[in-house]
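Asker: Show me how the following folds:
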Amino acid sequence: MSEVTGSGGSFDAALGALRRYLMEKGNLFDRGPSYEGDGKVLSSVKQTVQMYRELGYSKLMEFGNPPVYAVLARGHREIHIFQPRDPKVREWLENRAAPKNDPAMEAYLLERAGLRESDLPVDDTPRHFHVNEVDDVFIASTDDPD
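Answerer: Numbering: from 1, shown residues only. Okay, here's the model as predicted:
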C-alpha cells in the first residue's frame, strides 16, 4: 500500500493488522539513542518519510492526515516512523528506565487496540526492533538480516 490510508472500515482493518503484526509473540523492542537537533531536524512523520525515501526506502503505508504513522522498507529492513498521540505511550517511550518489553504496557496496548493475548500470532522469525527518538519523531527499525 503506497497511498495514505483513508477513513472507514479499511483504515480500521489496516490499523488492526499493523497492531497485531507489531505485537506478535516473540518480537523484541530495544531502546536506541535519542537525538535532538538544532532546530528540530525531524519535526514530523511526513518529513521523516521523505528523508528515508531519498535514502532508497519504499513507503508501504501511512496513517493520518497529516501522517502520524508510516512504514517503509528497503530489502528486509523495516522502518516504522511515528508520533504517538497517547500520552501514556509517549511517556513510556521517552522514559529511558522503563522496560521496552513491559507486560503492563503490553496489556495496555492490547486493551487500547481491542485485542486479547490470544489474538496475537506467534512469529516463526521474530523481529528485533530498535526504537530511537529524533526530535519529535520515533523511529523503530529492524535488524537487517542481509
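
Asker: looking at this, H130 is in a strand?
Answerer: Yes. The assignment for H130 (DSSP: H, G, I helix; E, B strand; the rest coil) places it in a strand.

Asker: which non-adjacent residue is nearest it?
Answerer: Among residues not flanking H130 along the chain, G32 sits closest, at 4.5 Å (Cβ to Cβ, 6 or more residues apart in numbering). Just so you know, the C-beta spots here come from the backbone N, C-alpha and C atoms, and that holds for glycine as well.

Asker: Around the closest residue to K25 other than its chain neighbours, how many other residues sit close by?
Answerer: Excluding its sequence neighbours, the residue lying closest to K25 (Cβ to Cβ, 6+ apart) is V122, at 4.5 Å. If you count neighbours by other Cβ atoms under 10 Å, V122 ends up with 8.

Asker: cool, V71 as well?
Answerer: 22.

Asker: Okay, now the unreliable bits of the protein?
Answerer: 1-9, 33-41, 144-146 (pLDDT under 70).

Asker: before we move on, could you check phi and psi at the residue nearest to K25?
Answerer: The phi and psi values for V122, taken as degrees, to the nearest 10, are phi -100, psi 120.
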